[in-house]
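1. Sharing a model that was predicted from the sequence below.
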10 protein chains.
Amino acid sequence: MLFAVTMDVAIPHTLDPDEKAALIAREKAYSQELQRSGEWRHIWRCAGRYSNLSVFDVSGNERLHEILWNLPLFPYMTIEITPLATHPSDIRAA
Amino acid sequence: MLFAVTMDVAIPHTLDPDEKAALIAREKAYSQELQRSGEWRHIWRCAGRYSNLSVFDVSGNERLHEILWNLPLFPYMTIEITPLATHPSDIRAA
Amino acid sequence: MLFAVTMDVAIPHTLDPDEKAALIAREKAYSQELQRSGEWRHIWRCAGRYSNLSVFDVSGNERLHEILWNLPLFPYMTIEITPLATHPSDIRAA
Amino acid sequence: MLFAVTMDVAIPHTLDPDEKAALIAREKAYSQELQRSGEWRHIWRCAGRYSNLSVFDVSGNERLHEILWNLPLFPYMTIEITPLATHPSDIRAA
Amino acid sequence: MLFAVTMDVAIPHTLDPDEKAALIAREKAYSQELQRSGEWRHIWRCAGRYSNLSVFDVSGNERLHEILWNLPLFPYMTIEITPLATHPSDIRAA
Amino acid sequence: MLFAVTMDVAIPHTLDPDEKAALIAREKAYSQELQRSGEWRHIWRCAGRYSNLSVFDVSGNERLHEILWNLPLFPYMTIEITPLATHPSDIRAA
Amino acid sequence: MLFAVTMDVAIPHTLDPDEKAALIAREKAYSQELQRSGEWRHIWRCAGRYSNLSVFDVSGNERLHEILWNLPLFPYMTIEITPLATHPSDIRAA
Amino acid sequence: MLFAVTMDVAIPHTLDPDEKAALIAREKAYSQELQRSGEWRHIWRCAGRYSNLSVFDVSGNERLHEILWNLPLFPYMTIEITPLATHPSDIRAA
Amino acid sequence: MLFAVTMDVAIPHTLDPDEKAALIAREKAYSQELQRSGEWRHIWRCAGRYSNLSVFDVSGNERLHEILWNLPLFPYMTIEITPLATHPSDIRAA
Amino acid sequence: MLFAVTMDVAIPHTLDPDEKAALIAREKAYSQELQRSGEWRHIWRCAGRYSNLSVFDVSGNERLHEILWNLPLFPYMTIEITPLATHPSDIRAA
């Protein structure tokens, strides 16, 4: 089932640059693995902000929470979740 | 280029039921035509709300405005737009 | 899977009293049927407000949306949804 | 009497990891003791957030405050309380 | 137990003046009866607003809700509740 | 004349524990002196929050400001003031 | 004592034009009488809005409320009050 | 001097279509006259909203208020004003 | 021309006390010089808050910005500006 | 295509003064280069705030994001974007 998720990132200015670079690299690898497995269906950058809009296709709330809680950047994120359903106007829904 | 658009609908309770049904039918036809042409790439229902989250793929701001302004339900909608860009972690961006 | 749902009700003052009474009766019957089937697990009144806090146990987002969209009072409600997951401190989760 | 309580946790990034682990362990023990005694009736994780939604069944405001004030994580929490009453549609209320 | 309650009143401009006067008279009688019985301990006008700040001393959430739900002006009110506890600095608390 | 005052306290986690304890002791003494003199008429703890709701009975705005500005915890407080007047339904106002 | 008061006016579009003109004329006369008596010390238009920022010099909260409550436009106003005190940098305060 | 002004328009759904068309025509003529005179320097449509972002170049606050207050659509607008000054990085400011 | 300006001050708790005292002394001298020259027409303390409400009478936006930008406490202030115009009810406006 | 962009700057008080001066110099050079190339069409200071309102004329969302993401002050900015379209009343739009 689908969830839209907005993640706003605020890494503290005091974080060590190397630690920060490593963190971002781990975040990227983690995200790409889930994209390849099909659970992280879309990821877009929100223009002009350190944020993304993503769409997840997961088995349910438990799995969604597990994915988000384990994001390497989770401690520095503010996350908003919108559960999605099929729209009656969607041409793929017929 | 891509834009995420959230549309919240609030049709007045005083609207004539037939007029309302006709309006919703026109909205559906309008949306499906744009989905078929490829400009209205995604439309999801936000669960539990008279709202949708959509993604548009258009030539620019002028075209995006033209599409939204001509929505049959536009007078009853509150619309929020987020311009999207490629995310560096997107596996399709490499 | 579980969802917490807050429903704030605002019935227009202009609604006919009989129509209003019938609407509320249908809402009650609808809710109680879903409570008996086990999908509407909890319903509490928020003290001093025409609102309730409910917990639903449903198969997913599609079913949650279907239940809420068909609430007789849906056109007069503002709804907020929080997807729930197991808490690591929950004694029933071990 | 029942209260819904939302707790949002924000532990400072500068807290010593051992101190943090000990704090979380004490929080868990404290919560589980109150769950066993019946006062902390429900605890759910809000998906994707370091937050929980709980329901307390206590003798009154004084006891509710005492429980919350003594949470090991209290200094790092933002708490919202909703006093609950019986809903007229609740099938267990008849 | 004590609750602080803020009530903001917004009577529709279209309400019949006689009906409005009768409503306000019933509200006053209702409030004064509860003040005399001791449950509505304080009522103050918030200067410059059609609002009051009140303190109730009731047996619990159920009774608080019953009192507020039956206010003649309830359909026109926005209500906020703050559960109160004894403050450790209160000289009457020793 | 009466003012309702809400004080939310946020002492920095980095404050030295002894300094914090001394500060809180001075706050308590300061508050109790004003309670005994009759200017700080009520003080209640807002359940579940490091906050209080107080009612002051002072000669005017200048005195109210002087009292609040000199609170030992003032640098760590967010304060909201509501000027109060007699409510026409108050049984003690006749 | 001084209070800053912001008044935002929202007269319903359905109000009869003559009634509206009469109301505004009464509001003006009422304001000017209080300006002449010295209680309504300043009145400025907030540019681009149907709002004013005023400063009142009154005996206290009771009188402030009486003045505002009796404004002919009161039923159509949203009012915010800021109690003012002498600023230590004010050259007239020495 | 320059002011950025955002105007959000909300024409009531009950307004007569002819009256609405006439109003919009007068608004357009009024705006274009001020654009030609140089006081209304820029006007852009905010994409997807019945709103515009404008920049005015006027003699001061009094003139800005006069222009906005006399907009034919003023009664249906929510207006926000940002006074502008020269930015030190502006290449035309040297 | 007139502007209402609200300044909320939040000096970091970590600032050296001597530096803080010097800063506040410079702020006071700066403000009083502008009060004497007539540009800073009013300054009031907002009761119970480290804030002031001021009225400036300046040649325009450029001068207003210059004054505010050079406030010694500017780096620690949150500032809100309301451009003011003559109110039609002002008895001094005739 | 055009975008209005508001940038609010909050440089930490702990940043080294030389580093801060260098950062601001690089920001200025970066902005002026883009102003000369025509992509950063307008930049205005919002009076009384460490903020600017800018208008960009870029090829699309990707380019807008690239420009903003690479601002030397980006890590210290809060940015809001409004996509702009031609306004039907714009005299240059005919």
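-> Right, received. Where do you want to start? These figures come from a predicted structure and were not determined experimentally.
2. what's around residue A:28, how many residues?
-> Applying other Cβ atoms under 10 Å in any protein chain shown, we find 16 other residues in the vicinity of residue A:28. (C-beta placed from N, C-alpha, C; glycine too.)
3. for it, phi and psi?
-> Comment: the main-chain dihedrals of residue A:28 come out as phi -60, psi -50, following degrees, to the nearest 10.
4. Hmm, residue A:28 is touching residue B:91, no?
-> No - contact between residue A:28 and residue B:91 fails when scored by Cβ atoms under 8 Å: they sit 10.0 Å apart.
5. average pLDDT across stretch A:36-44?
-> The predicted model assigns stretch A:36-44 a mean pLDDT of 98.
6. Tell me if that stretch is near chain D.
-> No - no part of stretch A:36-44 sits close enough to chain D to count as contact by Cβ under 8 Å from any Cβ of the partner chain; the gap is at least 13.3 Å.
7. go on, stretch A:12-32?
-> Yes - between stretch A:12-32 and chain D, judged by Cβ under 8 Å from any Cβ, the touching residues are residue A:12.
8. if you look at that stretch, does any of it touch chain J?
-> Yes - with Cβ under 8 Å from any Cβ as the threshold, stretch A:12-32 lies in contact with chain J, specifically through residue A:13.
9. Keeping just the C-alphas, turn that stretch into PDB.
-> Taking only C-alpha atoms (Å, rounded to 0.1, in the frame of the first residue of the first chain), the coordinates of stretch A:12-32 have been written out as PDB:
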ATOM      1  CA  PRO A  12      23.500  20.400  13.000                       C
ATOM      2  CA  HIS A  13      26.100  22.900  11.800                       C
ATOM      3  CA  THR A  14      28.400  21.500  14.500                       C
ATOM      4  CA  LEU A  15      28.600  17.900  13.000                       C
ATOM      5  CA  ASP A  16      32.000  16.900  11.800                       C
ATOM      6  CA  PRO A  17      32.300  17.200   8.000                       C
ATOM      7  CA  ASP A  18      33.600  13.700   7.600                       C
ATOM      8  CA  GLU A  19      30.900  12.200   9.800                       C
ATOM      9  CA  LYS A  20      28.400  14.200   7.800                       C
ATOM     10  CA  ALA A  21      29.700  12.900   4.500                       C
ATOM     11  CA  ALA A  22      29.700   9.300   5.700                       C
ATOM     12  CA  LEU A  23      26.100   9.700   7.000                       C
ATOM     13  CA  ILE A  24      24.900  11.100   3.700                       C
ATOM     14  CA  ALA A  25      26.700   8.300   1.800                       C
ATOM     15  CA  ARG A  26      25.000   5.700   4.000                       C
ATOM     16  CA  GLU A  27      21.600   7.400   3.500                       C
ATOM     17  CA  LYS A  28      22.000   7.200  -0.200                       C
ATOM     18  CA  ALA A  29      23.000   3.600  -0.200                       C
ATOM     19  CA  TYR A  30      20.100   2.700   2.100                       C
ATOM     20  CA  SER A  31      17.600   4.600  -0.100                       C
ATOM     21  CA  GLN A  32      18.900   3.100  -3.300                       C
END
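10. any idea how far the residue of chain A at minimum distance from chain I is from chain E?
-> Residue nearest to chain I within chain A (Cβ to the nearest Cβ): residue A:14, separated by 13.8 Å. The spacing between residue A:14 and chain E, counted by Cβ to the nearest Cβ, to the nearest Å, is 36 Å.
11. Spit out the contact partners of that residue.
-> When contacts are counted by Cβ atoms under 8 Å, 6 or more residues apart in numbering or on different chains, residue A:14 touches no other residue.
12. Now it. Its backbone dihedrals?
-> With angles defined as degrees, to the nearest 10, residue A:14 shows backbone torsions of phi -90, psi 0.
13. Then residue A:48?
-> With angles defined as degrees, to the nearest 10, residue A:48 sits at phi 80, psi 10.
14. Assess the claim that it and residue J:6 are in contact.
-> No - distance between residue A:48 and residue J:6: 10.1 Å, which falls outside the contact criterion (Cβ under 8 Å).
15. Find residues that contact each of those two.
-> In contact with both residue A:48 and residue J:6: residue J:79, using Cβ under 8 Å, 6+ apart.
16. Among these two, which residue is more densely surrounded?
-> Between residue A:48 and residue J:6, counted using other Cβ under 10 Å, residue A:48 has the larger neighbour count: 26 against 18.
17. how many neighbours does the closest residue to residue A:57 other than its chain neighbours have?
-> For residue A:57, ignoring the flanking residues on the chain, the nearest one in space by Cβ to Cβ, 6 or more residues apart in numbering or on different chains is residue A:41 at 4.8 Å. Neighbourhood size, residue A:41 [other Cβ under 10 Å]: 14.
18. For residue A:41, list the residues it contacts.
-> For residue A:41, the contact set (Cβ under 8 Å, 6+ apart) comprises A:2, A:35, A:54-57.
19. check contacts around the closest residue to residue A:51 other than its chain neighbours.
-> Of all residues beyond its chain neighbours, the one nearest residue A:51 is residue A:8 (4.6 Å), with distances taken as Cβ to Cβ, 6+ apart. In this structure, residue A:8 makes contact with A:49-51, A:77-79, judged by Cβ under 8 Å, 6+ apart.
20. which residues pair with residue A:8 across the strands?
-> residue A:51, residue A:78 (DSSP bridges).
21. Could you measure from it over to chain F?
-> Per Cβ to the nearest Cβ, residue A:8 is found 22 Å from chain F.
22. Model confidence score at that residue, please.
-> Turning to residue A:8, the model gives it a pLDDT of 98.
23. And residue A:55, by the same measure?
-> At residue A:55, the predicted lDDT confidence score is 98.
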